[in-house]
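Engineer: below: sequence and its predicted model.
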Amino acid sequence: MDFNNFKLGILGGGQLGKMLCQAASKWNLNTSVLDPSYECPSAFVATNFYHGDFNNYDDVYKFGNNVDLLTIEIEHVNTDALFKLTELGLDVRPTPQILSLIKDKGEQKKFYKSKKLPTCDFEIYKDKNEILKAIELKKLGLPFVQKLCKGGYDGKGVLVVKNESDLKELLDGESLVEKLVDIQKEISVVAAQNKKGEIKCFPPVEMVFNSKANLVELLLCPADLNENLWKRAINLAEETISSLGLYGILAVEMFLDQSNEILINEVAPRPHNSGHHTIEASYTSQYEQCLRALLDLPLGNTDIKTPSVMVNILGHPDYMGEAVYEGLEDCMSISGANFHIYGKKETKPYRKMGHVTVVDKELSSAREKAMLIKNSLKVVSNE
């Protein structure tokens, strides 16, 4: 393949796009990024940066006409333009059909049900009043989880309803409502598939969430699962990416319940927070694997080289403004800690500002170091 003359287009210039561009640069692969912010993380590492709105039809259509293959680093893009570009012969991965399905959490769930892929029981309601009516008629009981069908990301658009006092916080809009699972662990498997039909999965990881922000706080690799559960998680990820017919990369987030059943929670058709650790801890990073799958190259070795723990660097809940990293220098003295600062100039409460992957021969030791970093490194503002 002639990397020098091939143009890969990426809709979205956030940290995922940045790390995808960094992986592409190792092959001297030309990357073009479309984003509304001149100061987005990808702007300074992409071969070409285009200022524009990935939700705007004209901007996406014009951008697509300047690349050879178009992909995403965020789902919430203008799919109408992608359908038109596909009609004109542009290779768009994931396809606009798959994107339209995954962007709607209700349609996602219907898809799992139609393909007999295990997931939580659910109902879809047109608005919060219909949810309240279902509760009144005793057709819906507490506790449950409400997820807006469209527009949610990074914990936004999700509400856990445990008691009646939580009902006043109900989100308004078409919603997926599912019973609250008695979770033993939350795990994720990142899968990749190329058009030749080759599928490979990274080992399952365990995700530990921040209860306030509903964001991944720690990621443990490998996940503490017995051999049977390990294989079931891998098989489920393979079945999901195969059923979707997706060529590229897919993160499959799952629940392991108290009965040792594995259920699909939701998926992301792009590089994912639960795969950041692969940059240092695996023979092939999720970003290189994504490129291999997109370009129909042989998929890389997904074995881990070392146990690892990834900790997200989140904006301090009490600060907004120009980002200041307190404790960074001291944390950088910790052995095995690999720092990724995304370059977002402004911090906001719980905003993803970076991540640190700690590698160690022992997972327990890596976790201790990651917790020390979590408690020592703070993103604040002088404003």
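Structural biologist: Great, that's in hand. Numbering: from 1, shown residues only.

Engineer: for Asp127, grab the count of nearby residues.
Structural biologist: Using other Cβ atoms under 10 Å, Asp127 has 14 other residues around it. No exception for glycine: its C-beta is placed from N, CA and C like everyone else's.

Engineer: name the nearest residue to it, sequence neighbours excluded.
Structural biologist: Leaving out its chain neighbours, the residue that sits closest to Asp127 by Cβ to Cβ, 6 or more residues apart in numbering is Asp172, at 5.8 Å.

Engineer: do you know the pLDDT at Gly275?
Structural biologist: At Gly275, the model reports a pLDDT of 97.

Engineer: which residues does the closest residue to it other than its chain neighbours contact?
Structural biologist: Excluding its sequence neighbours, the residue lying closest to Gly275 (Cβ to Cβ, 6+ apart) is Gln286, at 3.5 Å. Neighbouring residues of Gln286 by Cβ atoms under 8 Å, 6 or more residues apart in numbering: Val190, Phe202, Ile249, Pro271, His272, Gly275, His276, Thr278, Ile279.

Engineer: quick one: low-confidence parts of this protein?
Structural biologist: The chain contains residues with pLDDT under 70 at 154-155, 213.

Engineer: where exactly do the helices run in it?
Structural biologist: Counting by DSSP state H, the chain forms helices over residues 15-25, 57-64, 79-87, 96-103, 105-114, 128-136, 227-244, 278-281, 286-294, 328-331, 363-376, given from the N-terminal end onward.

Engineer: buried set for the fifth one?
Structural biologist: If I follow you right, that is helix 105-114. For helix 105-114, the neighbour count (16 or more other Cβ atoms under 10 Å) marks Lys105, Gly106, Gln108, Lys109, Phe111, Tyr112 as buried.

Engineer: in a markdown table: those, plus distance to Phe6.
Structural biologist: Below are these laid out as a markdown table (distance: Cβ to Cβ, whole Å):
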| residue | distance to Phe6 |
| --- | --- |
| Lys105 | 34 |
| Gly106 | 37 |
| Gln108 | 32 |
| Lys109 | 37 |
| Phe111 | 32 |
| Tyr112 | 35 |
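
Engineer: separation between Ala130 and Val311?
Structural biologist: One correction, residue 130 is Glu, not Ala. Glu130 sits 40 Å away from Val311, going by Cβ to Cβ, to the nearest Å.

Engineer: so which of the two has more stuff around it?
Structural biologist: A direct count of neighbours by other Cβ under 10 Å for Glu130 and Val311 places Val311 higher, at 29 against 16.

Engineer: if you skip the residues just before and after it, what's nearest to that one?
Structural biologist: The spatial neighbour of Val311 that comes closest, neighbours along the chain excluded (Cβ to Cβ, 6+ apart), is Ala370 at 4.5 Å.

Engineer: ok so, going back, wait, doesn't the residue nearest to Asp127 sit right on Lys128?
Structural biologist: Yes - between Asp172 and Lys128 a contact is recorded at 4.9 Å, counting by Cβ atoms under 8 Å.

Engineer: who has more neighbours out of those two?
Structural biologist: The neighbour comparison of Asp172 against Lys128 (other Cβ under 10 Å) goes to Lys128, with 17 against 10.

Engineer: mind listing what that one touches?
Structural biologist: With contacts defined as Cβ under 8 Å, 6+ apart, the neighbours of Lys128 are Leu170, Leu171, Asp172, Gly173, Ser175.

Engineer: try it again with 10 Å
Structural biologist: For Lys128, the contact set (Cβ atoms under 10 Å, 6 or more residues apart in numbering) comprises Gln146, Leu159, Leu167, Glu169, Leu170, Leu171, Asp172, Gly173, Ser175.

Engineer: same thing with Trp230?
Structural biologist: Taking Cβ under 10 Å, 6+ apart, we find Trp230 in contact with Ile187, Val189, Pro203, Pro204, Pro222, Ala223, Asp224.

Engineer: of those, buried ones?
Structural biologist: Burial by neighbour count, 16+ other Cβ under 10 Å: within the contacts of Trp230 this picks out Ile187, Val189, Pro203, Pro204, Pro222, Ala223.

Engineer: what's the farthest-apart pair in those?
Structural biologist: Val189 and Pro222 (11.2 Å; Cβ to Cβ).

Engineer: overlap in contacts of those two?
Structural biologist: Here Val189 and Pro222 have Phe202, Pro203, Pro204, Val205, Trp230 as joint contacts, going by Cβ under 10 Å, 6+ apart.

Engineer: tell me how many other residues surround the nearest residue to the fourth one once chain neighbours are set aside.
Structural biologist: Going back to what we said before, that points to Val205. The spatially closest residue to Val205, leaving aside those adjacent along the chain, is Cys221, at 4.5 Å (Cβ to Cβ, 6+ apart). The burial metric for Cys221, expressed as a neighbour count using other Cβ under 10 Å, is 26.

Engineer: kindly report the same for Lys200.
Structural biologist: Other residues lying near Lys200 total 20 when counted by other Cβ under 10 Å.

Engineer: specify the beta-bridge partners of it.
Structural biologist: Here Lys200 shows beta-bridge partners Ala192, assigned using DSSP bridges.
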